[in-house]
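Chemist: Need a 3D model of the sequence below.
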Amino acid sequence: MLACALCAAVFGIAGCDEKLSDLVAPSPNLAPTFSSIRTEIFQTTDLAGRTACVNCHRPQGGTPLNLQDDPYTALVGVNSREKPGAVLVVPGDPDASYLIHKLEGRSDIVQLRMPRNGPPYLTPGQITVIRRWIENGAPNN
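Modeler: So this is what the prediction gives:
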């Protein structure tokens, strides 16, 4: 009886989890991999008009974070220059990752929500994909 209830709960939860393709409308090819996030978010202006991150986050872009040359090394396990004590991407922990705070516009951020020229900002679905990549350990894949 307990086993049946457990199975029903697992399938019920899985059924409520939307397919990623349904969540990422302005970035239809976005997947929870670093290469996809780099291509679809960092390097591309999406269908909703949110500008590519590398428009500002480049070697001569006026921001301390360079997402153009080696974005993985610039993000994962790196302390924020903007907010002492914050880490940009904490593998396995999106809620502790300052990148997520900046993308969501949380009240604890220093300066502005990203992108600074928004709205439009990333959609909740796009942020969910980035969160899932971080939850999966933020692999360089």
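Chemist: in the protein, which spans are helices?
Modeler: Read by DSSP state H, the chain holds these helices, from start to end of the chain: 2-16, 20-23, 34-37, 71-75, 98-104, 124-135.
Chemist: So R81 is in contact with N66, correct?
Modeler: No. If you go by CB atoms under 8 Å, R81 and N66 don't touch, sitting 11.3 Å apart. Every residue, glycine included, has its C-beta placed from N, CA and C.
Chemist: Pick out the shakiest of the helices of the chain, pLDDT-wise.
Modeler: Least confidently modelled of these is helix 2-16, at a mean of 37 by mean pLDDT.
Chemist: related to what we said a few turns ago, which residue of R81 and N66 possesses the greater neighbour count?
Modeler: Per other CB atoms under 10 Å, whichever of R81 and N66 has more neighbours is N66, with 16 against 12.
Chemist: contacting residues for the more buried one?
Modeler: Counting by CB atoms under 8 Å, 6 or more residues apart in numbering, N66 makes contact with 57-59, 74.
Chemist: right, and out of the residues you listed, which lies closest to V90?
Modeler: Of all the contacts of N66, V90 sits closest to A74, with 14.6 Å by CB to CB.
Chemist: Go ahead and name everything in contact with stretch 91-105.
Modeler: Surrounding stretch 91-105, the residues in contact under the criterion CB under 8 Å, 6+ apart are 75-77, 80, 83, 86-90, 108-109, 113-114, 121-122, 127, 130-131, 134-138.
Chemist: Check stretch 115-124 too.
Modeler: With contacts defined as CB under 8 Å, 6+ apart, stretch 115-124 is touched by 23-26, 41, 48-51, 53, 56, 103, 105, 113-114, 130.
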